[in-house]
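Engineer: just the structure for this:
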Amino acid sequence: MQSKLNPVVLFLGISFLLLTVTGCTQKDGLTPQDPEVVVFKVHPERLVLKTELPGRTAPFLVAEIRPQVSGLIQKRLFTEGSEIKAGQVLYQIDPASFQAAYDKAKANLPALQLRADRYKEALIDKAVSQQEFDDADAALKQAEAELETARINLNYTKVVSSVTGRIGASAVTEGAIVTAYQSTPLATIQQLDPIYVDIPQSTTELLRLRRSLEDGRLNPDGTNQNKVKLILEDGTPYPLEGVLQFQDVTVDPTTGSVILRVIFLNPQGVLLPGMFVRTVIIEGVNEQAILVPQQGVSRNPKGEAIALIVDVENKVQQRMLNLDRAIGDKWLVSSGLNSGDRVIVEGLQRVRLGVLVRVVPFDAGRENSLTE
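Structural biologist: Model prediction:
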């Protein structure tokens, strides 16, 4: 005989089963209806901080060539745009009048020397007075000075370079009359190896860096602190590193910045004066840097940076952040987050403060799994 199930017993059994399943689902406080979010777990890391600043190249040395005597240019002895060595003769000024002055001074000297020697001997025998000897000796010294002046002026007819470097265009041609120490240079020589790069840095950035060092958030990076990398105008990196030489102590009132000067070797002549470049300067090392993906940071109506985190109870909480700068696709956070915090980076639009959420770990290498 077939038995029939009691409807009351059947209802109680189904209810017990539903309660059992529900109890198992809610043992951690979560249900399938709770929103799912992707979180990035904060882990402090060692970070070498760098700053990229624009700069402009400047010659290591600049020598403006001017004549030291007046006269007619007989010859120009260099090729414009060529490399010049220190001591190389650049121009020849007509030496005729200077040679004559030298020869005359030289010819007068022996007679004056003989006269002074004779007066010196006569002074011992009281044959001449002290005044007469002094006059003869003064005349000799004056003649010697005139000879030395004539020799110097004769040498100045050869206009030589005082530095090694590349010479520009000549401002005069053969046959031109030049004047001693004239205001217009005959030519200009620039030393380009090594070469300077001048970098303006805002006083705001300078003060921020100084505070970071004083507060201990940033540590000097030893010898690398003075190393500077260079990026050329076409985006290619310059193969040689530069060395930071000094920081100017005067603030430019028009730009509110100071000048950092870096020196680079330039053996191939790739860097030319006046080029615009970009420099990468090492500021220091942050041993406990906190980086979070930029999609996990937003702004409130006041413009303040905020992030939503998932606390230990899997509830959504808000944190106010202080941001330092962008590092790639992440923000460097100065304050507001701690090690172990779970920052929501996906699913932000479907949650609100205080609600329970289901957590999925963040994977930077995958596509976004949630639709905002």
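
Engineer: which regions of this protein sit below the pLDDT cut-off?
Structural biologist: Judged against pLDDT under 70, the low-scoring parts of the chain cover residues 1-30, 32, 209, 211-225, 364-372.

Engineer: give me the domain ranges for it.
Structural biologist: Following automatic domain parsing, the chain resolves into domains at 31-47+288-361, 49-60+195-284, 95-156.

Engineer: and those domains: which comes nearest Val163?
Structural biologist: Ranking the domains of the chain by distance to Val163, with C-beta to C-beta as the measure, places domain 49-60+195-284 first at 9.3 Å. Where C-beta positions appear, they are placed from N, C-alpha and C, glycine not excepted.

Engineer: which stretches of the stretch 1-150 of the chain form helices?
Structural biologist: In the stretch 1-150 of the chain, the segments counted as helices under DSSP state H, counting those that start in this stretch are 7-25, 96-124, 130-155.

Engineer: out of these, the one nearest Gly296 is which?
Structural biologist: The closest approach between Gly296 and any of those, judged by C-beta to C-beta, belongs to helix 7-25 at 28.6 Å.

Engineer: would you mark the buried spots in stretch 239-249?
Structural biologist: For stretch 239-249, the buried set under the neighbour-count rule, 16 or more other C-beta atoms under 10 Å, comprises 242, 244.

Engineer: which residues touch it?
Structural biologist: Residues external to stretch 239-249 that are found in contact with it (C-beta atoms under 8 Å, 6 or more residues apart in numbering): 196-197, 201, 225-230, 258-265, 279, 281.

Engineer: ends of that stretch, what's the gap?
Structural biologist: Its start and end residues considered, stretch 239-249 measures 30 Å (C-alpha to C-alpha, to the nearest Å).

Engineer: related to what we said a few turns ago, dump the domains of the chain into a markdown table; add distance to Gly71 as well.
Structural biologist: As requested, the domains of the chain are exported to a markdown table (distance: least, C-beta to C-beta, whole Å):
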| stretch | distance to Gly71 |
| --- | --- |
| domain 31-47+288-361 | 62 |
| domain 49-60+195-284 | 29 |
| domain 95-156 | 7 |
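
Engineer: for the ones you listed, which one sits closest to Ile73?
Structural biologist: Of these, the one closest to Ile73 (C-beta to C-beta) turns out to be domain 95-156, at 11.7 Å.

Engineer: what is the burial count for Thr79?
Structural biologist: Thr79 is surrounded by 10 other residues when neighbours are defined as other C-beta atoms under 10 Å.

Engineer: sorry, wrong one. I was asking about Leu323.
Structural biologist: Around Leu323 sit 16 other residues, with neighbours defined as other C-beta under 10 Å.

Engineer: equivalent analysis for Pro95, please.
Structural biologist: Other residues close to Pro95 by other C-beta under 10 Å number 18.

Engineer: same question for Arg352.
Structural biologist: Using other C-beta under 10 Å, Arg352 is surrounded by 9 other residues.

Engineer: repeat for Ala169
Structural biologist: A count of neighbours around Ala169, defined by other C-beta under 10 Å, yields 8.

Engineer: I'd guess it is in a helix, am I close?
Structural biologist: No. The assignment for Ala169 (DSSP: H, G, I helix; E, B strand; the rest coil) gives coil, which keeps it out of a helix.

Engineer: grab the nearest non-local neighbour of it.
Structural biologist: Closest residue in space to Ala169, ignoring its immediate chain neighbours: Glu80 at 5.1 Å, by C-beta to C-beta, 6 or more residues apart in numbering.

Engineer: also Gly354?
Structural biologist: Of all residues not flanking Gly354 in the chain, Lys315 sits nearest, at 5.7 Å (C-beta to C-beta, 6+ apart).

Engineer: give me the phi and psi angles of the one you found.
Structural biologist: Here the main-chain torsion angles of Lys315 (degrees, to the nearest 10) amount to phi -110, psi 150.

Engineer: same thing with the one 5 residues further on?
Structural biologist: Met320 adopts backbone torsions of phi -90, psi 130, taken as degrees, to the nearest 10.

Engineer: does it have beta-bridge partners, and which?
Structural biologist: Here Met320 sits in beta bridges with Ile306, as judged by DSSP bridges.

Engineer: what's the local residue count around it?
Structural biologist: 11.

Engineer: you'd agree it is up against Lys302?
Structural biologist: No. The pair Met320 and Lys302 fails to qualify as a contact (C-beta atoms under 8 Å) at a distance of 10.2 Å.

Engineer: ok, and what's touching stretch 155-169?
Structural biologist: Residues beyond stretch 155-169 that count as contacts (C-beta under 8 Å, 6+ apart) turn out to be 59, 61, 63, 65, 67-69, 71, 78, 80-95, 98, 186-192, 269.

Engineer: list the buried ones in that stretch?
Structural biologist: Of the residues in stretch 155-169, those buried by neighbour count under the rule 16+ other C-beta under 10 Å are 156-157, 159-161, 163-167.

Engineer: and the two most separated of the residues you listed?
Structural biologist: Within the buried residues of stretch 155-169, two members stand farthest from each other by C-beta to C-beta: Thr157 and Arg166, at 24.8 Å.

Engineer: list the contacts for the closest residue to Arg325 other than its chain neighbours?
Structural biologist: Residue nearest to Arg325 in three dimensions, not counting chain neighbours: Leu332, with 5.4 Å by C-beta to C-beta, 6+ apart. Neighbouring residues of Leu332 by C-beta under 8 Å, 6+ apart: 47, 49, 286, 289-291, 323-326.

Engineer: please, a PyMOL command that selects the buried ones among those?
Structural biologist: Buried members of those, defined by 16+ other C-beta under 10 Å, are picked up in PyMOL with:
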select buried, resi 47+49+286+289+290+291+323+324
